[in-house]
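Q: Turn this into a structure:
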Amino acid sequence: MVLIIFLLIIVIIAGGIYLLLHHENATCYDAIQNQSETGIDCGGPCGPCPIPKEKLEILSQNFIPTTENNFDLLAKVQNPNSNWGIDNMVYKFNFYDADNNLIDSKQGTTYFLPQETKYIIEQKFSPSEIPASMKFELGIPHWQYLRYFEELRLRIINSGYQLTDGKYRISGIIENKSNYNLSQVEVVGVLFDENQKAIAAGKTTMETLMINEGRSFEITWPYAIDKTISSFDARAHTNVYLDENFIRVNSSPVPQ
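A: Have a look, this model is predicted:
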């Protein structure tokens, strides 16, 4: 019995020494730099990949009154990492009353490509009561290391905004200059006033955009906008992490 206890103590001491000596070379298996990790071991011949160095940055957020008791919700978010994307992330728009009490929320999921800046839009949201303020928050990202990522090159050309019959619309042409046929592309558009404050946000979905194809799009608002429009922004996105949308040959998932 004494011998067993003695051997157990030796094993514990030896294990502690091993962990101490190898702590600085630990690799990360949860894609979050929270334990002094040096990288994520994706199983490839090159060893651990570099971890994401930058967090997502929320550039702006706004909730826009549209029709009675309805709001369009908007957040602009940037992923500054050059080789890291996110295939799934939960986001939430939280609404508060004048006393800063949470009264309602709207949740969804999104994705990000490396170095992508995108608008997250929720339309026709009707909270339980009229909010005094809103706060946008992001959940825990599921990172994907895109080692050989090639820019998709979705271009929007000949775009502009028009006022027709008292209602605004954004129109243009989206071109697929990438090397991939895409089954679905989302186009988002935002209108701004002279202070660069978003006063309208919308989106539309385009089905099947082939290589080198250019197709027209239009984003309309079914209600009148009683403010002067000074500028606009239109962007195109596609989810490369969906097998049915994009043949994923360059993504190494984070080991679970």
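Q: Would you mind giving the domain segments of the protein?
A: 57-146, 154-249 (automatic domain parsing).
Q: Just send those domains back as CSV, with mean pLDDT too.
A: Below are these laid out as CSV (pLDDT from 0 to 100):
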stretch, mean pLDDT
domain 57-146, 94
domain 154-249, 89
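Q: how about a markdown table for the ones you listed, with mean neighbour count added?
A: No exception for glycine: its C-beta is placed from N, CA and C like everyone else's. Below are the domains of the chain laid out as a markdown table (neighbours: other C-beta atoms under 10 Å):
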| stretch | mean neighbour count |
| --- | --- |
| domain 57-146 | 17 |
| domain 154-249 | 16 |
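Q: residue ranges for the strands of the stretch 1-150 of the chain, please.
A: 57-65, 71-78, 84-96, 102-112, 117-125, 133-138, 142-146 (DSSP state E, counting those that start in this stretch).
Q: Any idea which of the ones you listed gets closest to residue 187?
A: strand 117-125 (10.5 Å; C-beta to C-beta).
Q: Tell me the strands beside that closest one, with direction?
A: strand 71-78 (antiparallel) (DSSP bridges).
Q: on that earlier part again, can you say which of the strands of the stretch 1-150 of the chain is nearest to residue 234?
A: strand 117-125 (9.6 Å).
Q: first to last residue in stretch 189-200, what's the distance?
A: Stretch 189-200 has an end-to-end distance of 8 Å (C-alpha to C-alpha, to the nearest Å).
Q: I'd guessed residue 92 sits against residue 105; true?
A: Yes: taking contacts as C-beta atoms under 8 Å, residue 92 lies within contact range of residue 105: 5.5 Å.
Q: Distance check, residue 211 against residue 168.
A: 32 Å (C-beta to C-beta, to the nearest Å).
Q: Same question for residue 190.
A: 11 Å.
Q: Could you give the separation between the terminal residues of stretch 171-186?
A: End to end - C-alpha to C-alpha - stretch 171-186 spans 14 Å.
Q: who's in contact with it?
A: Stretch 171-186 is contacted by residues 150-162, 187, 203-219, 234, 236-239, 244-247 when judged by C-beta atoms under 8 Å, 6 or more residues apart in numbering.
Q: again, but for stretch 222-230
A: 66-67, 161, 163, 166-168, 191-194, 196, 199-200.
Q: at 6 Å instead, please
A: 66-67, 166, 168, 191-194, 199-200 (C-beta atoms under 6 Å, 6 or more residues apart in numbering).
Q: Give me the distance between the residue nearest to residue 122 when sequence neighbours are not counted and residue 120.
A: Among residues not flanking residue 122 along the chain, residue 73 sits closest, at 4.1 Å (C-beta to C-beta, 6 or more residues apart in numbering). As judged by C-beta to C-beta, residue 73 and residue 120 stand 8 Å apart.
Q: same question, residue 109
A: For residue 109, the distance to residue 120 - C-beta to C-beta - is 10 Å.
Q: try residue 218
A: Taken as C-beta to C-beta, the span from residue 218 to residue 120 is 21 Å.
Q: show me what contacts the closest residue to residue 123 other than its chain neighbours?
A: Of all residues not flanking residue 123 in the chain, residue 72 sits nearest, at 5.0 Å (C-beta to C-beta, 6+ apart). Residue 72 makes contacts with 64, 66, 123, 201, as judged by C-beta under 6 Å, 6+ apart.
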